[in-house]
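S.K.: Would you be able to build a 3D model of this:
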Amino acid sequence: MNFTDDTEEALRAAVRLVNSAEDPATLETLADHDAFLTDFPYSGRIDRDDAELAALRAIRPRLRAMLLAPRDDMARHVNAALAEAHLAPRLVRHDGVDWHLHAVDDERPLAERVLIETAMALIDVIRADEGSRISICADDTCEALALDLSRNRSKRYCSTTCTNRNAVAAYRARRANA
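M.R.: Modelled structure (predicted):
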């Protein structure tokens, strides 16, 4: 399943934001906030202050619940987020990105826009019945989310670190049993 570029980007951003709460936490300072915005350059109002950082941190549990919910529950989470928002949908083209949908005004707070962009991306996930592409990392010691956008559905770990740790453990186990 290939999602549109804006759907994939919204999913990546949401997963990164949720995973920033995992050990080691990576959304603690305004510098961390800037790094997130460098990797995921949201258009519109960006305050870059402590209140915006706190609001982003505050939506992480809600995003996690949305992303990991079974399909019908995911739809309920999406509908709730959309019902709460000040929706102003329009097609836009900016910053070298072709036409895509912005569901809320660019002047709304960043945390609200992140939540709604995630909800909009999850609409595509729900419609395609592709919720299995979002899971908890297969590493037994990790609770971070893994987003599998690969064609062959082979991504099981949240990061290269978890992938490598498990590959080394499997290698050692094979060597010990040989």
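S.K.: Give me the residue ranges of the protein where confidence is low.
M.R.: Counting by pLDDT under 70, the ranges of the chain that qualify are 1.
S.K.: Strands of that one, start to end?
M.R.: Read by DSSP state E, the chain holds these strands, from start to end of the chain: 87-94, 97-104, 134-136, 145-147.
S.K.: tell me which residues of stretch 147-160 are tucked away?
M.R.: With burial defined by 16 or more other Cβ atoms under 10 Å, the residues of stretch 147-160 counted as buried are 147-149, 155, 157-158. Backbone N, C-alpha and C define where each C-beta goes, glycine included.
S.K.: I should have written stretch 82-92 there, sorry.
M.R.: 82, 85.
S.K.: who's in contact with that stretch?
M.R.: Contacting residues not belonging to stretch 82-92 are listed as 43, 99-105, 108, 112, 115-116, 119 [Cβ atoms under 8 Å, 6 or more residues apart in numbering].
S.K.: Nearest to residue 25 among these?
M.R.: Within the contacts of stretch 82-92, proximity to residue 25 (Cβ to Cβ) peaks at residue 115, which comes in at 19.9 Å.
S.K.: What backbone torsions are found at residue 29?
M.R.: As for residue 29, its main-chain torsions (degrees, to the nearest 10) stand at phi -130, psi 170.
S.K.: Skipping adjacent residues, who's closest to it in space?
M.R.: In space, residue 29 comes closest to residue 53 once its chain neighbours are excluded; the distance is 7.8 Å by Cβ to Cβ, 6 or more residues apart in numbering.
S.K.: Contacts for stretch 163-176 next, please.
M.R.: Here stretch 163-176 makes contact (Cβ under 8 Å, 6+ apart) with 138-139, 156-157.
S.K.: what's the burial count for the nearest residue to residue 106 once chain neighbours are set aside?
M.R.: Spatially, and ignoring its direct neighbours in sequence, residue 106 is nearest to residue 44 (2.9 Å; Cβ to Cβ, 6+ apart). As a burial measure, the neighbour count of residue 44 was computed by other Cβ atoms under 10 Å and equals 15.
S.K.: Thanks again, I'm all set now.
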